[in-house]
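Trainee: all I have is the shape, not the residue letters:
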């Protein structure tokens with residue numbers, strides 16, 4: 001064992017230099033995309049100013065590119081709205097609203113911003129690619145711009161030896177959902193079987209009861225059903241919907257179509273599954289799943305399904321989803337497209353109270 005001369009123990013200390021930052025984001029919705037294409041190359045449409053880190057910013061949207069080399073693309077640039085005495089250091093990132101990043105959001109390198117000097121993407125996306133993508137719906141799309149501002153203020157903090165050592169320890173994210181998902185997939189220890197339209201699913205009573213008060217009452221409470229051969233029959237539900245429900249119960253994750261069906265699937269399938277899954281989540285009192293379905297359906301609202309989704313929101317008390325549907329219908333163009341469809345007539349018959357609310361909203 002080594003020691004310092006004289007037998008004394010070495011002194012140990014640590015300190016941390018902290019750079020102050022401020023972060024925020026702005027969502028820019030392009031409503032009536034096709035009409036913005038009349039804007040010449042090099043000309044832009046500006047967003048409203050927004051504040052991050054004590055500075056006001058705005059986004060320049062170039063429908064036909066910022067330069068002639070970019071005329072087939074959409075350009076997006078971030079600018080300071082106010083004049084400043086010295087440059088502002090900031091990072092930024094653009095992404096389509098509704099896109100979930102598989103990795104933590106990386107904002108890229110630090111840039112210096114001054115008045116009328118911006119940074120961005122000259123070729124954010126090719127117009128042809130946007131028009132063929134799911135991001136453009138009913139002639140609209142939305143972009144989220146994340147901004148991180150680094151201030152010039154630095155502070156030095158003393159860190160204990162224990163803190164310095166603890167910073168070297170990396171804790172991986174929770175993998176509980178993977179273990180429970182494996183339990184569902186392998187059916188190891190399963191003690192109940194569900195029959196859904198002739199398709200069977202094995203599961204674990206205690207897992208279901210812990211996640212859903214309805215399952216808890218069915219298996220262990222006053223509503224306890226008779227155990228006839230360990231098979232529970234589920235009525236009025238498609239097998240793929242029940243499979244998706246079980247996936248959420250075991251993993252707490254929103255199921256994707258590839259996890260409940262084989263083969264290629266489209267946005268329409270995701271839309272319909274989310275509608276049915278919302279009904280199932282309400283039935284089994286899975287409030288988080290119900291909210292996830294609401295959020296997912298907000299991405300799919302269009303003239304062809306808004307009446308159905310609005311009726312669903314009313315019947316299952318989904319106030320946020322209902323508000324988004326009303327916002328969609330507040331556009332005269334959208335309303336005209338919806339009124340001409342059979343779904344709107346069905347909505348007026350099945351949910352007269354919703355129609356009264358809609359009329360009141362439009363009159364205001």
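Mentor: Thanks, I have it. Keep in mind it's a predicted model, so treat the numbers as computed, not measured.

Trainee: any idea where the strands of the stretch 251-364 of the chain begin and end?
Mentor: Taking DSSP state E, counting those that start in this stretch, the stretch 251-364 of the chain contains no strands at all.

Trainee: okay, now the unreliable bits of it?
Mentor: Regions of the stretch 251-364 of the chain meeting the criterion pLDDT under 70 cover residues 259-268.

Trainee: okay, helices next: where are they in it?
Mentor: 267-283, 287-298, 306-315, 319-329, 332-339, 342-350, 352-363 (DSSP state H, counting those that start in this stretch).

Trainee: pull the distance from the last one to the chain's centre.
Mentor: Right, helix 352-363. Offset of helix 352-363 from its chain centre (C-alpha atoms, centre = their mean, to the nearest Å): 29 Å.

Trainee: show me what that helix is packed up against.
Mentor: On a contact count with 3 or more C-beta pairs under 8 Å, 6 or more residues apart in numbering; DSSP states H and E, helix 352-363 meets helix 306-315, helix 319-329, helix 342-350. C-beta coordinates here come from the backbone N, C-alpha and C atoms, glycine included.

Trainee: with the shortest one instead?
Mentor: Applying 3+ C-beta pairs under 8 Å, 6+ apart, one finds that helix 332-339 makes contact with helix 306-315, helix 319-329.

Trainee: gap between that helix and the chain center?
Mentor: 26 Å.

Trainee: cool, stretch 128-138 as well?
Mentor: Taking C-alpha atoms, centre = their mean, one finds stretch 128-138 lying 18 Å from the centre of the chain it belongs to.

Trainee: pick the most deeply packed of the helices and strands packed on helix 332-339.
Mentor: helix 306-315 (a mean of 22; mean count of other C-beta atoms under 10 Å).

Trainee: returning to what we had before: let's have the helices and strands packed on helix 332-339 in CSV, adding distance to residue 185.
Mentor: Output for those, formatted as CSV (distance: least, C-beta to C-beta, whole Å):
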stretch, distance to residue 185
helix 306-315, 30
helix 319-329, 31
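
Trainee: and residue 243, what element?
Mentor: helix 239-251 (DSSP states H and E).

Trainee: which stretch among the helices of the stretch 251-364 of the chain comes nearest residue 67?
Mentor: With C-beta to C-beta as the measure, helix 332-339 is the member of the helices of the stretch 251-364 of the chain nearest residue 67 (32.0 Å).

Trainee: ok, back up a step: any chance of the helices and strands packed on helix 352-363 in TSV, plus distance to residue 247?
Mentor: Output for the helices and strands packed on helix 352-363, formatted as TSV (distance: least, C-beta to C-beta, whole Å):
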stretch	distance to residue 247
helix 306-315	21
helix 319-329	22
helix 342-350	29
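
Trainee: out of the ones you listed, which comes closest to residue 120?
Mentor: Across the helices and strands packed on helix 352-363, closest to residue 120 is helix 319-329 (C-beta to C-beta), at 28.0 Å.

Trainee: other residues contacting the closest one?
Mentor: 138, 291, 294-295, 297-298, 301, 306, 309-310, 312-314, 334-335, 338, 354, 357-358, 361-362 (C-beta atoms under 8 Å, 6 or more residues apart in numbering).

Trainee: of these, grab the buried ones for ChimeraX.
Mentor: In ChimeraX syntax, the buried subset of the contacts of helix 319-329 is picked out as below (16 or more other C-beta atoms under 10 Å):
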select :138,294,297,298,301,306,309,310,312,313,314,334,335,338,354,358
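
Trainee: for residue 188, give its distance to residue 202.
Mentor: 9 Å (C-beta to C-beta, to the nearest Å).

Trainee: buried ones in the helix or strand harbouring residue 206?
Mentor: Using DSSP H and E, residue 206 maps to helix 205-211. Within helix 205-211, the residues scored as buried using 16+ other C-beta under 10 Å are 205, 207-209, 211.

Trainee: so who does residue 21 touch?
Mentor: Contacts of residue 21 (C-beta under 8 Å, 6+ apart): 53, 148-151.

Trainee: so residue 20 sits against residue 151, correct?
Mentor: Yes. If you go by C-beta atoms under 8 Å, residue 20 and residue 151 touch, sitting 4.6 Å apart.
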